[in-house]
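Asks: Show me the folded form of this:
(chains A, B, C and D)
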2 protein chains.
Amino acid sequence: MSIMRLDGGLTQPVVRRLNALRQLSETATAAFDKTIRRRVLHAGAGETLISEGERPDRIRVVLAGWLSRYKLLEDGRRQIVNFILPGEMCDAFSYLLPRSDHSIDTLTPVVFSEIEREPFEELIASDRSLMEALWCTSLVDGSIQREWAVNIGRRDALERVAHLLCEVFERLKLVGLVEGNSCAFPVTQMDLADASGLSIVHLNRTLQELRAAGLIILRERMLTINDLDALKDAGLFNPTYLPYLR
Amino acid sequence: MSIMRLDGGLTQPVVRRLNALRQLSETATAAFDKTIRRRVLHAGAGETLISEGERPDRIRVVLAGWLSRYKLLEDGRRQIVNFILPGEMCDAFSYLLPRSDHSIDTLTPVVFSEIEREPFEELIASDRSLMEALWCTSLVDGSIQREWAVNIGRRDALERVAHLLCEVFERLKLVGLVEGNSCAFPVTQMDLADASGLSIVHLNRTLQELRAAGLIILRERMLTINDLDALKDAGLFNPTYLPYLR
DNA sequence: CGTTTAGTTGACCGTGCTCAAGGGGCGTGG
DNA sequence: CCACGCCCCTTGAGCACGGTCAACTAAACG
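Replies: All right, here's what the predicted structure looks like:
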């Protein structure tokens, strides 16, 4: 990891996401922007940013790249409980708890901002709507987490994968990372399997089924959704749980 | 629902739980206690307190009884994403979002306190550690939610049910609702099935397996765990995600 | 070039689901 | 008081969805 210079566009996803939850004033936006730019790092793919059991002592905001939030069982089984996408936070407010319940890995090279607890607390104390927006991101994480439980617990393989793709697509769209009906999709099938609670073999066959149905094109880390409405139907996707949509 | 008189012990679970997350001062405890007692309601079993899509406009604290947090698919499939136990909150801070992503039903007759948004915000503004304790309850809900995703996604039926029982047992122990190795366990097998992502038939057989292994006794809405360590082993239960333990 | 990583395919198997039927407890109404 | 219905639990039989194991290809990389 090393400190790097930042071009103006990099903080765009974060600001966009927060503004979808609470209208931020210009001064609040500027203060937030400034704090974020104070310490920008990057990491390669496959690095662990925090492990289960560690004390979370700083806040990280993802500016570019994908990460996975996951837990391991003793015998190596892994469940990815969420992806962390550009504009999202790794651990807002988690410093309030003594240790992390899960681990976070980079899935791709990642650019992120790191904020210590104190400046973060000063920041949220300075503007009410900024604090509310940040709290909302935490609440939305909760909503997404609940939807994932539903996805894994009550949808079959095809529905499950279709739903996952719809959700990620919408989350990327919010931060401007969708062009037309395509987006970068830089995860392996193994990651997708661990995110959807399927075996890697069955995930592979499920993807092929979605391709054969003409719903998606997924190759070379690029996802194209040919018919988003059809994919949503296939995944029983109901966006009520993503409050920034609509 | 109707207003009722409160005996002194009813707020115990809530206070106990918050104190496990943050040491509360006497004055903070008293202020909280007073706010809670202002409006105490009860509901029968099988009532819906809030439905998916509704605006959450007040905070509810459970003083007695069990509830389920769940989501429905169009075709009626249901996933219970968490139980809400005595001392826990139905929807702390969720008023920050425009609508609820899930529904909450009572599983038993329930006694709860209802707090409007304004007095709640005054309350948390009055004491820093109280606010942090309440935020922590929200973060712990997140931890539990993630663990449920792991449970449903990566554990087999026996492990899954064993884990669920361990978790609920520990959560009840925290608020003083465990006596010896037994606790009230007032849910139907259908509820347990929907919580663990299993069919009701298979859940029934899994419970019988746990009984046959001598791990648990479960009858007449009463759970006895004969060997908690063995049950934890069977469920690959790692309590790191429950910060108030240990 | 050899090695590693990701994706794909086939064959077989088993966990967990579906459908169906029946039992026990309990409340309600005749 | 009994009959009936309802809810919850239980059991059996058959099956299918998805897991496991294994082998192979293709691309990436040193």
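
Asks: ok, which residues in chain A are in contact with DNA strand D?
Replies: Contact residues, chain A versus DNA strand D (C-beta under 7 Å from any atom of the strand): A:156, A:157, A:158, A:197, A:198, A:199, A:201, A:202, A:203. For the C-beta atoms, the positions are set from N, CA and C on the backbone; glycine is no exception.

Asks: can we see that at 10 Å?
Replies: Proximity of chain A to DNA strand D is confined to A:77, A:152, A:155-161, A:193, A:196-206, A:209, A:220-221 under the rule C-beta under 10 Å from any atom of the strand.

Asks: Now a PyMOL select for only the buried ones of the residues you listed.
Replies: Selection command for PyMOL covering only the buried members of the residues of chain A next to DNA strand D, criterion 16 or more other C-beta atoms under 10 Å in any protein chain shown:
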select buried, chain A and resi 77+152+155+157+158+159+160+161+193+196+197+198+203+206
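
Asks: The spatially most central residue of chain A and residue A:54, how far apart?
Replies: Centroid-nearest residue in chain A: residue A:84, 2.4 Å away (criterion: C-alpha atoms, centre = their mean). Relative to residue A:54, residue A:84 is positioned 16 Å away (C-beta to C-beta, to the nearest Å).

Asks: likewise residue A:40?
Replies: Distance from residue A:40 to residue A:54, by C-beta to C-beta: 22 Å.

Asks: More neighbours: which of these two?
Replies: residue A:40 (19 against 12; other C-beta atoms under 10 Å in any protein chain shown).

Asks: Isn't that one up against residue A:115?
Replies: No. Applying C-beta atoms under 8 Å, one finds residue A:40 not in contact with residue A:115, separated by 10.6 Å.

Asks: Now do the SS call for residue A:98.
Replies: Under DSSP: H, G, I helix; E, B strand; the rest coil, residue A:98 falls in the coil class.

Asks: Leaving out chain neighbours, which residue sits closest to it?
Replies: residue B:243 (5.8 Å; C-beta to C-beta, 6 or more residues apart in numbering or on different chains).

Asks: ok, that neighbour - contacts?
Replies: Contact analysis of residue B:243 by C-beta atoms under 8 Å, 6 or more residues apart in numbering or on different chains lists A:97, A:98, A:99, A:101, B:21, B:136, B:140, B:143.

Asks: Out of the residues you listed, which end up buried?
Replies: A:97, A:101, B:21, B:136, B:140, B:143.

Asks: Contacts for stretch A:69-85, please.
Replies: A:52, A:62, A:66-68, A:90, A:101-105, A:107, A:141, A:144-145, A:148, A:168, A:171-172, A:175, A:177, A:187, A:191, A:194-195, A:197, B:146-147, B:149-150, B:153-155, B:236, B:238.

Asks: Next: stretch A:173-190.
Replies: Residues outside stretch A:173-190 that contact it (C-beta under 8 Å, 6+ apart) are A:12-13, A:16-17, A:20, A:66, A:83, A:85-87, A:107-108, A:168-169, A:172, A:195, A:200, A:203-204, A:207, A:218, A:221-226, A:228, A:244-245.

Asks: In strands only, show me those.
Replies: A:83, A:218, A:222, A:223, A:224, A:225 (DSSP state E).

Asks: now those as a markdown table including distance to DNA strand C, neighbour count and pLDDT?
Replies: Below are the ones in strands among the contacts of stretch A:173-190 laid out as a markdown table (distance: C-beta to the nearest atom of the strand, whole Å; neighbours: other C-beta atoms under 10 Å in any protein chain shown; pLDDT from 0 to 100):
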| residue | distance to DNA strand C | neighbour count | pLDDT |
| --- | --- | --- | --- |
| A:83 | 15 | 22 | 98 |
| A:218 | 8 | 18 | 98 |
| A:222 | 11 | 12 | 97 |
| A:223 | 11 | 20 | 98 |
| A:224 | 14 | 14 | 98 |
| A:225 | 17 | 23 | 98 |
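
Asks: my hunch is that residue A:60 is in a strand, does that hold up?
Replies: Yes. Assessed by three-state DSSP, residue A:60 belongs to a strand.
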